[in-house]
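Asker: how would this look folded up:
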Amino acid sequence: MAKTIAIPGDRVEVHLSKVIYGGILLESPEDEKGIVLLKLDSGYNIGLNKKDIIEIKRIKKGEIKKERIEIKKDDKKPDIALILTGGTIVNRLDPKTGAVSPLTSPEDLFKSYPKIFDKVNVIKVEMPFMKASEDMDYKDWQNIAKICERLLNDKDVKGVVITHGTDILHYTSAVLSFFLRNLTKPVVLTYSQRSSDRASSDANLNLICSALAAVSDIAEVMLVGHANSNDEFCYAIPGTKTRKLHTSRRDAFKPVNAKPFAKIFPNKIEILSEHNVRKSGKVKADTKFEEKVALIKFYPGQDPDILDYYLKKGYKGIVVEALGLGHVAVNSRLSWIKKLKEVQKKMIVCFAAQTIYGRLDPYVYSNLREIMKTGVIYLEDMLAETAFVKLGWVLGHTTDKEKVKEMMLTNYARELNDRLEQ
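Answerer: Numbers count the residues shown, from 1 in each chain. Here you go, the predicted structure:
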């Protein structure tokens with residue numbers, strides 16, 4: 001490879017024998033000095049072997065901007081607070097290294113997403129932790145809920161936006177729906193599937209729509225994100241009735257068995273369904289939670305002895321994703337009937353639908369009625385992930401079996417619907 005004057009941060013062309021790559025030159029890791037890293041215009045990084053490179057041609061010298069940004073509060077705009085917990089949406093790219101670092105202040109936010117400030121004043125930014133969402137647990141949920149309680153009870157804050165990684169976002173939106181009692185203002189969870197340095201990023205629209213949701217009259221916990229693959233509008237979806245249904249699409253989150261609260265455009269909100277409205281009062285974070293709960297999926301040929309494992313480990317409750325209308329094996333050598341009777345002497349067992357859409361109904365077939373007689377709680381149209389966090393919340397309050405059943409079948413946060421929308 002010919003010697004080059006290009007340094008990390010410069011826009012370059014990398015010439016190979018049969019192809020030319022254009023992008024931003026990045027720093028190579030210490031243990032990969034034989035590799036040249038390049039951030040392509042698509043947003044993806046590529047590693048090229050130095051032995052294959054004929055020339056690295058500098059097209060434009062990288063610029064280092066250190067401008068000081070002063071955000072002036074506009075008294076004509078409503079005030080919101082942000083809670084940053086991690087995920088793609090709150091990471092910014094260092095063009096020199098290709099690494100990402102979190103946004104930590106309103107000024108950082110303004111540099112990355114200035115259009116939000118056309119709609120609202122961001123007067124507070126809280127960052128309790130920075131985690132990939134798959135690393136979160138119930139203690140993180142409790143932490144977020146307590147911060148929400150404090151911010152929502154601040155008279156200057158009109159609503160709260162929480163940025164979050166996508167992988168367990170629907171668990172968090174569901175559990176906050178139970179934790180936050182007497183909700184008086186909007187609590188909005190949002191995300192991005194693609195980083196802000198990519199042309200196809202969903203971050204800007206999601207944040208703008210989230211800001212509008214946060215200052216609306218929808219006093220609910222809701223998830224706000226792209227409604228389709230275009231940059232047209234977002235849906236505001238009930239926190240207990242949504243699920244991530246695609247690994248990478250920008251509209252990965254969909255409402256399940258329910259309508260969205262609203263369609264949110266960058267300049268207006270179109271209400272679609274019933275919701276609680278903004279009111280006065282004090283929000284209370286009720287964060288009691290039993291961590292010894294599990295979510296398992298029934299599969300053909302599954303040995304019911306799997307339930308013994310959880311019982312021996314001290315679990316207090318299990319949600320089983322059952323087949324169809326609520327089936328597990330009954331008339332086979334691996335029948336679950338005997339085992340369900342045994343384990344429910346010491347543990348709560350609930351069934352939710354493996355199909356995602358639809359409702360369980362234990363009265364349709366005789367074998368379903370036989371399962372129900374063992375004491376299993378059929379959770380109607382409740383999503384399995386919602387059922388998992390609700391069971392943890394309920395068992396945090398009581399271990400009385402009849403009281404647990406009563407609470408699991410009580411509609412606290414729109415988790416149960418009398419009438420399905422899909």
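
Asker: quick one: low-confidence parts of this structure?
Answerer: The model of the chain has pLDDT under 70 over residues 1-2, 29-32, 64-71, 91-106, 109-110, 112, 194-201, 422.

Asker: and the residue nearest the centre of it?
Answerer: Centroid-nearest residue in the chain, with Cα atoms, centre = their mean: Leu169, separated by 1.6 Å.

Asker: tell me which residues touch that residue, please.
Answerer: Ser133, Leu189, Tyr191, Leu223, Lys244, Phe253 (Cβ atoms under 8 Å, 6 or more residues apart in numbering). Where you see a C-beta, it was placed from the backbone N, CA and C, and this is true even at glycine.

Asker: out of the residues you listed, which comes closest to Lys77?
Answerer: Leu189 (22.0 Å; Cβ to Cβ).

Asker: and that closest one, that one's in a helix?
Answerer: No: looking at Leu189 with DSSP: H, G, I helix; E, B strand; the rest coil, it is strand, so not inside a helix.

Asker: surely it and Gly165 touch.
Answerer: No: the pair Leu189 and Gly165 fails to qualify as a contact (Cβ atoms under 8 Å) at a distance of 10.6 Å.

Asker: neighbour-wise, which of the two wins?
Answerer: More crowded of Leu189 and Gly165, by other Cβ atoms under 10 Å: Leu189, with 28 against 22.

Asker: can I get stretch 353-371 as CSV, trimmed to CA atoms?
Answerer: Taking Å, rounded to 0.1, in the frame of the first residue of the first chain, the C-alpha atoms of stretch 353-371 are listed here in CSV:
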residue,chain,number,x,y,z
ALA,A,353,-51.1,-17.4,24.1
GLN,A,354,-48.1,-18.6,22.1
THR,A,355,-49.9,-17.4,19.0
ILE,A,356,-49.4,-13.7,20.1
TYR,A,357,-52.7,-12.6,18.5
GLY,A,358,-56.0,-13.9,19.8
ARG,A,359,-57.5,-15.0,23.2
LEU,A,360,-57.2,-18.2,25.3
ASP,A,361,-60.5,-19.9,25.9
PRO,A,362,-60.5,-22.9,28.3
TYR,A,363,-64.1,-23.7,27.7
VAL,A,364,-64.0,-24.8,24.0
TYR,A,365,-62.5,-28.3,24.4
SER,A,366,-62.7,-30.9,27.2
ASN,A,367,-58.9,-31.2,27.6
LEU,A,368,-58.7,-27.4,28.2
ARG,A,369,-61.3,-27.7,30.9
GLU,A,370,-59.2,-30.5,32.4
ILE,A,371,-56.2,-28.2,32.5
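
Asker: and the longest helix along the chain, what does it pack onto?
Answerer: In the chain, with assignment by DSSP state H, the single longest helix is helix 138-152. Under the contact definition 3 or more Cβ pairs under 8 Å, 6 or more residues apart in numbering; DSSP states H and E, helix 138-152 sits against strand 79-84, strand 121-126, strand 159-163, helix 169-179, strand 180-181, strand 284-285.

Asker: for Leu311, which of these is the nearest?
Answerer: helix 169-179 (23.7 Å).

Asker: could you export the closest one as CSV, CA atoms only?
Answerer: Presented in CSV, the C-alpha positions along helix 169-179 are these (Å, rounded to 0.1, in the frame of the first residue of the first chain):
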residue,chain,number,x,y,z
LEU,A,169,-38.6,-2.4,25.3
HIS,A,170,-42.0,-4.1,25.4
TYR,A,171,-41.2,-5.7,28.7
THR,A,172,-40.3,-2.3,30.1
SER,A,173,-43.3,-0.5,28.7
ALA,A,174,-45.5,-3.2,30.3
VAL,A,175,-43.9,-3.2,33.7
LEU,A,176,-44.0,0.6,34.0
SER,A,177,-47.7,0.4,33.1
PHE,A,178,-48.2,-1.6,36.4
PHE,A,179,-45.6,0.3,38.5
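
Asker: before we move on, the earlier item: let me have the helices and strands packed on helix 138-152 in CSV, extended by distance to Lys51.
Answerer: Below are these laid out as CSV (distance: least, Cβ to Cβ, whole Å):
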stretch, distance to Lys51
strand 79-84, 42
strand 121-126, 46
strand 159-163, 42
helix 169-179, 43
strand 180-181, 58
strand 284-285, 58
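
Asker: domain parsing for this structure?
Answerer: For the chain, automatic domain parsing gives the domain ranges 11-60, 79-285, 293-408.

Asker: same list, the ones you listed, but as JSON lines with distance to Glu421 please.
Answerer: Shown next, in JSON lines, are the domains of the chain (distance: least, Cβ to Cβ, whole Å):
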{"stretch": "domain 11-60", "distance to Glu421": "36"}
{"stretch": "domain 79-285", "distance to Glu421": "5"}
{"stretch": "domain 293-408", "distance to Glu421": "10"}
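
Asker: for Leu420, which of these is the nearest?
Answerer: Closest to Leu420 of those, according to Cβ to Cβ: domain 79-285, at 4.9 Å.

Asker: so how far is the closest one from its chain's centroid?
Answerer: 9 Å (Cα atoms, centre = their mean, to the nearest Å).
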